[in-house]
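A.B. asks: here is my input; please provide its structure:
(one chain, ligands or ions: 1)
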Amino acid sequence: MGHTTVTMEKLVALAKQRGFVYSGSEIYGGLANSWDYGPLGVELKNNIRNLWWKKFVHARTDMVGLDAAIMMNPKVWEASGHVANFSDAMIDCRNCQARHRADHLIEEAYPDMKVDGLPTSELTKIILEKEILCPNCGKRDFTDAREFNQLFQTSIGKTEEDKSTIYLRGEIAQAMFVNFKNILETSRKRVPFGIASVGKVFRNEITPGNFTFRTLEFDLMEFEYFIREEEWEKTFAYWLDQMQSLLLQMGFDPTHTRVREHTQEELSHYSKRTVDIEYLTPFGWKELFGLAYRTDFDLKNHAQHSGQKLEYRDPVTEEVYVPHVVEPTFGLTRLTLMTMLEAYTEEQVGDDTRVVMKFHPSLAPYKIAVLPLSKKEELQSIARPLQERLTKRWYTDYDETQSIGKRYRRQDEIGTPYCVTVDFDSLEDKAVTIRDRDTMEQVRVPIQELETWFESKLS
Ligand code: GAP
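C.D. replies: Model (predicted):
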């Protein structure tokens, strides 16, 4: 895999130019930190999501899915502790009114200083003592740091008078906890089992940035795995291993990821132990996935606030208990970004630099590109039906413009694993040339045998 040559500037430019990611509302000047996934980005993101779902839901017997509403009863977020605890310490510049996350301000000035979990008063003290300047205006005139809740608020109601505040979900987890009883009764799963879900979440992030790394809305894939309390350490180790195995399956170099244990101060309000899987980005080691032991915190709180019993009765022993939970969580938009960073490769070919997105074939947006050597009718009459045929099984591209060399480079840049070239010899030998993205090697394969050939490479 590439990685060493990539910078954010190069990646953002390629993502835009090739149709992976555009700035949101671009024709109106954009909207800060909102991004739209173009024709190739949506394929990449969906392929990652489908791989995840296949690995963790369909290929197992202990997992079921849920697709829940983004807007939930506000009592959910009170019971979960998010209204009281889901916050970041913010500090305002009195001179230019810019608002900053206090921990980020310190970490940007002193990258080695660990400030996670420090109380706001401590953060204020460090910012003052270290004489940190406002990155926006360069002045040193800050307020004290204050907690700022990350839940995104909106309101519902037909008239102004009956409008009430609700929150857009800040994690999917809560939907899985509040549906625990429904799912238990309808799926007949037995502990240990998991509920998986994928969807949008929203957070009032004050310092979003680094392209799609930290945004106000993003896609999350997560599951809650319900266990007996005494199983938690074993289950935690098992899922950590499974999370790493997903990255290997996706083609990540293991030296580009690492596991980081959260300190006691840093733990979320619901967690007894959390580790992050971090990825080495061009802007440093950053969180990619999280794994948390949430104990029985959520089910107990929802039982208490809703008045409903959220328990499990063991059908064999008749024992009744509140299951404990281990939660692996995967930011899908963040994983899409890191998959692009990991795939980005530059190679010297003669005097030329070849940019190749070395996506694992299962993740590549297009699997095959059909390229007639010229626009002549006799080649098109083979190439078009060939694309129709292959598209029934794999997502394909078709390109007949510019030189074949330029077309290969274009497919390399979007990570298409194979190019099929129809040339004038094809009229005679009824065969085509297949070019491999990574090795650039070419083989001649009879048109009739293409499905079998690709089946062996792409399945
Ligand atoms: N239910 C647990 C939970 O939500 P989290 O660590 O707050 O845990 C989960 O978030 C994952 O979501 C992170 O590991 C990261 O990949 C991703 N993520 C968090 N905040 C994000 C943001 N503002 N933009 C994009 N992805 C984000």
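
A.B. asks: against Leu335, how distant is Lys286?
C.D. replies: 12 Å (CB to CB, to the nearest Å). Heads up, the C-betas are built off the backbone N, CA and C, glycines and all.

A.B. asks: one more: Arg354?
C.D. replies: Arg354 is 26 Å from Leu335, by CB to CB.

A.B. asks: out of those two, which sits in the more crowded spot?
C.D. replies: Shown here are Arg354 and Leu335; by other CB atoms under 10 Å, Leu335 has more neighbours (24 against 15).

A.B. asks: return the nearest residue of the stretch 251-400 of the chain with respect to the ligand.
C.D. replies: Proximity of the stretch 251-400 of the chain to the ligand (CB to the nearest ligand atom) peaks at Gly331, 2.2 Å away.

A.B. asks: right, and that residue touches Glu222 too?
C.D. replies: No. Using CB atoms under 8 Å, Gly331 is not in contact with Glu222; the gap is 9.1 Å.

A.B. asks: residue closest to the middle of this protein?
C.D. replies: Leu332 (1.8 Å; CA atoms, centre = their mean).

A.B. asks: per-residue pLDDT, that residue?
C.D. replies: Looking at Leu332, its pLDDT stands at 98.

A.B. asks: could you list the buried residues of stretch 41-53?
C.D. replies: Buried residues in stretch 41-53, counted by 16 or more other CB atoms under 10 Å: 41-45, 47-49, 51-53.

A.B. asks: likewise stretch 300-307?
C.D. replies: Under the neighbour-count criterion of 16+ other CB under 10 Å, stretch 300-307 has 301-303 buried.

A.B. asks: just the closest of those to Cys137, please.
C.D. replies: Lowest distance from Cys137 to those (CB to CB) belongs to Asn301, with 42.8 Å.

A.B. asks: for Ser155, what are its contacts?
C.D. replies: Going by CB atoms under 8 Å, 6 or more residues apart in numbering, Ser155 touches 163-166.

A.B. asks: and it, that one's in a helix?
C.D. replies: No. Counting by DSSP: H, G, I helix; E, B strand; the rest coil, Ser155 falls outside a helix, being strand.

A.B. asks: CA atoms of stretch 449-458 as PDB?
C.D. replies: C-alpha atoms of stretch 449-458 as PDB (Å, rounded to 0.1, in the frame of the first residue of the first chain):
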ATOM      1  CA  GLU A 449     -14.000 -16.700 -20.900                       C
ATOM      2  CA  LEU A 450     -14.100 -13.300 -19.300                       C
ATOM      3  CA  GLU A 451     -16.800 -14.000 -16.700                       C
ATOM      4  CA  THR A 452     -14.800 -17.100 -15.500                       C
ATOM      5  CA  TRP A 453     -11.600 -15.200 -15.500                       C
ATOM      6  CA  PHE A 454     -13.000 -12.300 -13.400                       C
ATOM      7  CA  GLU A 455     -14.900 -14.700 -11.200                       C
ATOM      8  CA  SER A 456     -11.600 -16.100 -10.000                       C
ATOM      9  CA  LYS A 457     -10.100 -12.700  -9.400                       C
ATOM     10  CA  LEU A 458     -12.900 -10.600  -8.000                       C
END
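
A.B. asks: what is the mean pLDDT for that stretch?
C.D. replies: 96.

A.B. asks: Ile127 belongs to a strand?
C.D. replies: No. Looking at Ile127 with three-state DSSP, it is helix, so not inside a strand.

A.B. asks: the residue lying closest to Val21 once chain neighbours are set aside: neighbouring residues, count only.
C.D. replies: Nearest residue to Val21, sequence neighbours excluded (CB to CB, 6 or more residues apart in numbering): Ala15, at 4.2 Å. Residues near Ala15, counting by other CB under 10 Å, number 23.

A.B. asks: just Leu168 next, same as before
C.D. replies: Residues near Leu168, counting by other CB under 10 Å: 18.

A.B. asks: was I right to think it contacts Ile156?
C.D. replies: No. Between Leu168 and Ile156 there is no contact under CB under 8 Å: 11.4 Å.

A.B. asks: quick check: neighbours shared by these two?
C.D. replies: Met71.

A.B. asks: where along the stretch 301-450 of the chain do the strands fall?
C.D. replies: Along the stretch 301-450 of the chain, the segments classed as strands by DSSP state E, counting those that start in this stretch run 312-313, 320-321, 324-331, 344-349, 352-357, 368-372, 396-398, 418-422, 431-436, 442-446.

A.B. asks: could I get these as TSV with distance to Asn33?
C.D. replies: Formatted as TSV, the strands of the stretch 301-450 of the chain follow (distance: least, CB to CB, whole Å):
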stretch	distance to Asn33
strand 312-313	41
strand 320-321	43
strand 324-331	15
strand 344-349	22
strand 352-357	24
strand 368-372	33
strand 396-398	30
strand 418-422	36
strand 431-436	38
strand 442-446	43
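
A.B. asks: which one of those lies closest to Glu261?
C.D. replies: Closest to Glu261 of these, according to CB to CB: strand 324-331, at 15.2 Å.

A.B. asks: output the contacting helices and strands for the closest one.
C.D. replies: Here strand 324-331 touches strand 217-227, helix 232-249, strand 284-295, helix 297-306, going by 3 or more CB pairs under 8 Å, 6 or more residues apart in numbering; DSSP states H and E.

A.B. asks: Cys227 - how many residues pack around it?
C.D. replies: Slight slip there: residue 227 is Ile, not Cys. 19.

A.B. asks: which residue packs closest to it, ignoring adjacent ones?
C.D. replies: Ile227 sits nearest to Pro192 (CB to CB, 6+ apart), 4.7 Å away.

A.B. asks: residues of the stretch 101-250 of the chain that sit close to the ligand?
C.D. replies: Residues of the stretch 101-250 of the chain lying near the ligand by CB under 6 Å from any ligand atom: 171, 173, 203, 205, 214-215, 218, 220, 222.

A.B. asks: of these, which is the nearest to His58?
C.D. replies: Glu222 (16.7 Å).

A.B. asks: isn't that closest one up against Gly199?
C.D. replies: No. Here Glu222 does not reach Gly199: they are 9.5 Å apart, not a contact under CB under 8 Å.
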